[in-house]
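Colleague: quick one: sequence and predicted model below, then my questions.
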Number of protein chains: 2
Amino acid sequence: MIQINSHLAGLQNNYLFSEIAARVARYKKEYQQKPINLGIGDTVLPLPASAVRALHQAAEEIAHRHSFRGYGPEQGYSFLRALIAEHDYQQRDIAIHEDEIFISDGAKSDAANIQELFSSHSSVAIPNPVYPVYQDTNIIAGRGSTLHYLAGTADNDFIPRPPSEQYNLIYLCYPNNPTGVMCNRGMLAQWVEYALENNAIIVYDAAYESFICDPELPHSIYEIPNADQVAIEIRSFSKNASFTGTRCAFTVVPKKCHGYNAQQQPVALHPLWLRRCATKFNGLSYPVQRAAAALYSPEGKQEIQERVSYYMQNAAIIRQALRNRSIRHWGGIDAPYIWLEAGGDSWKLFDRLLQHAAVVTTPGAGFGSCGEGYLRISAFNLRENVERATERLLQIW
Amino acid sequence: MIQINSHLAGLQNNYLFSEIAARVARYKKEYQQKPINLGIGDTVLPLPASAVRALHQAAEEIAHRHSFRGYGPEQGYSFLRALIAEHDYQQRDIAIHEDEIFISDGAKSDAANIQELFSSHSSVAIPNPVYPVYQDTNIIAGRGSTLHYLAGTADNDFIPRPPSEQYNLIYLCYPNNPTGVMCNRGMLAQWVEYALENNAIIVYDAAYESFICDPELPHSIYEIPNADQVAIEIRSFSKNASFTGTRCAFTVVPKKCHGYNAQQQPVALHPLWLRRCATKFNGLSYPVQRAAAALYSPEGKQEIQERVSYYMQNAAIIRQALRNRSIRHWGGIDAPYIWLEAGGDSWKLFDRLLQHAAVVTTPGAGFGSCGEGYLRISAFNLRENVERATERLLQIW
């Protein structure tokens, strides 16, 4: 008799987004009106023209026998990995090389799969509130009982500091989803120090890296000395280049980064991750890799900058409105999310904003217990929608 | 101190393909000549024009704000799932519906990930010789000690029958990689009966389904009554539609299919797989899904048929040559692989064919212990290369 994975079966349904969808559906039916969505973090600006052109060119390439491409490298094509190594790392004086980069179909996949590198008995520390994937994938893998939460509260500006307990695997996400806060170099250095001292590994989810505006803030965890011994970094083209539906991301596993075997001897993670990718993945779609590579052209960089600026101006409009009403809030400066004090039950405020302002937000409770009492507002919408939504919010506040 | 996943670390390196690559590299260096590759199963004919057109159209669509598409459904778009349900199943009188289909980036990913549905203590039965992914992914998940092999030998024409032992999870691959054999309806019915009797699950990898030529043979395991209670089916657009580099496949998890919880109560697998996909995957690239959908147009179907015929004519040429030399062989009739008796050590024959005929094949030993003494020849190459390779093989045999 085949037994199911009880950890998967025991996972709570993602109440948050299904519940939001249900409440929005009821609203639409009752009011015959479509609310403005500042809930989900999905892009609305089109794919950059440079990427579109590359998609067309790649489609033509594989349309002909002489230039057809079949299976590509599981790790991703060198033409894309080399651009990432140069532009995202080496030009910032970070010694990351192309063979340390792994191209994937999304930061979600990478954040979900990376835990396979480690023993099922590893203790895991996850911020709270947090993007739910880190928690859920560790629960599915059987680490539900060794999962610990790092509380983000107004007291620490939602940036948990390293704990006194020794955890093996730590997930950090900066710029943060859902709070929109960014940690500075000193705070990140504390985490690297913690990992070095405890022989721990940090999974650093930097999917929103492009949205950092303050030149003093670190774009990569590898800006911290010796981080390449203890950190895996994940990035994405989803939000900065409108790739949410086209799908491309990458993960850096430095060759110096290592875990330990049962005899407490260091074991490099790079060959393990390569083996995992070669066993379970056949590489990302060739035209999509070409499209991502085009983003590193001067035109592509300009297009990314335009998109980032657009959403960050949205964020500035939302922040201004909150300031006008003296509503306490975080984020929205180096990240496209604003996190605000709900002044009570976050679902109640969600309902009030939906009913009276026709604006969809995300109740903080959905991101963990520490999110209760807060609300996430996403800057991912068209300018006119953000302006309209903000006006409506001001009317009811 | 973070411990690595010892199961992943303990996995043997894929000696097979790295060793082939090393020997081919030495050959090239020594002889200054490029051998003809009948080793790897990679497509050489270009992407069908219908799919290319759909890629272009989708690229244009997401290039504009009014028609841009962001995140799609994790399960895949309904436009593609509905076509699959209708053309691959309902038109063959199989009651599979679109919400039972999950679109993915490849049959390899699905074959690798599907074991996450089940308890890590499940006993697993895998044919030998076999495509290495079923074995390796179960080892990574910690099932190395509960892994059993079903011997395929010349005596059973490389089609293992259900064993007397009770296994929980069984992987079958028909048309088979590497042997190219296909099982008939009666044999498949025996497996379904076995699974029903033992409350087991069959993962049926039908990635080469399009290559079945004999009208009497089953294209889907769901042609067997009640298979939808015990079988998950995986298919791919890689080989029939030249999608090896473009990436699209699908998996069917019928709503009737179930495992059991610790209390021996049935638990449906469909919601579990949906939850797994929603947690670890963000859906396949939109343009790629459009390209796959175009394959169901009359033009697309014709283009697939042309590709299948082309490779199967290659297979017929290879088979004719083997018959001429009275070399015992299997497959190549309903699958694009031919499996031949090496008359001794498979690596020795591999070397001989490389050295003296400048043809790359795959030694059977690489697919498991029962593959020793056999060789796989792939029909995936251009006609002129297959003809040239066959002539050279005849000269040295």
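Modeller: Thanks, I have it.
Colleague: helix or strand next in line after the helix or strand bottoming out on mean pLDDT in chain A, which one?
Modeller: Ranked by mean pLDDT, DSSP states H and E, the weakest helix or strand in chain A is helix A:15-31, scoring a mean of 87. As assigned by DSSP states H and E, the chain's next helix or strand after helix A:15-31 is strand A:36-37.
Colleague: ranges for the helices of chain A?
Modeller: Listed in chain order, the helices found in chain A under DSSP state H are A:6-9, A:15-31, A:49-61, A:78-84, A:107-113, A:133-140, A:185-198, A:269-280, A:286-294, A:298-324, A:346-357, A:383-396.
Colleague: least reliable of those helices by average pLDDT, please.
Modeller: Lowest mean pLDDT within the helices of chain A: helix A:15-31, at a mean of 87.
Colleague: can you list contacts of that helix?
Modeller: Residues outside helix A:15-31 that contact it (CB atoms under 8 Å, 6 or more residues apart in numbering or on different chains): A:33-35, A:39, A:132, A:350-351, A:354-355, A:358, A:360, A:362-363, A:365-367. From N, CA and C alone the C-beta is placed, and that goes for glycine too.
Colleague: count of residues packed around the nearest residue to A:A293 once chain neighbours are set aside?
Modeller: Nearest residue to A:A293 in three dimensions, chain neighbours excluded: A:L80, at 4.7 Å (CB to CB, 6 or more residues apart in numbering or on different chains). A:L80: 25 surrounding residues under other CB atoms under 10 Å in any protein chain shown.
Colleague: what does the one 3 residues further on give?
Modeller: Burial measure for A:L83: 20 neighbouring residues, criterion other CB under 10 Å.
Colleague: burial measure for the nearest residue to it once chain neighbours are set aside, as a count.
Modeller: Nearest residue to A:L83, sequence neighbours excluded (CB to CB, 6+ apart): A:Y296, at 4.2 Å. A:Y296 sits with 19 neighbouring residues when counted by other CB under 10 Å.
Colleague: next up, the contacts around A:Y296.
Modeller: A:Y296 makes contacts with A:L83, A:I84, A:H87, as judged by CB under 8 Å, 6+ apart.
Colleague: which of those sits closest to B:L47?
Modeller: A:L83 (24.4 Å; CB to CB).
Colleague: quick check: that closest one touching A:A294?
Modeller: No - between A:L83 and A:A294 there is no contact, the gap being 9.5 Å when judged by CB atoms under 8 Å.
Colleague: show me what contacts the residue nearest the centre of chain A?
Modeller: Residue closest to the average C-alpha location in chain A (CA atoms, centre = their mean): A:A207, at 4.0 Å. For A:A207, the contact set (CB under 8 Å, 6+ apart) comprises A:A107, A:C173, A:N177, A:I234, A:R235, A:S236, A:S238, A:K239, A:A249.
Colleague: rerun at 7 Å
Modeller: Contact analysis of A:A207 by CB atoms under 7 Å, 6 or more residues apart in numbering or on different chains lists A:A107, A:I234, A:R235, A:S236, A:S238, A:K239.
Colleague: could you identify the most distant pair in those residues?
Modeller: Most distant of the contacts of A:A207, by CB to CB, are A:I234 and A:K239, 12.9 Å apart.
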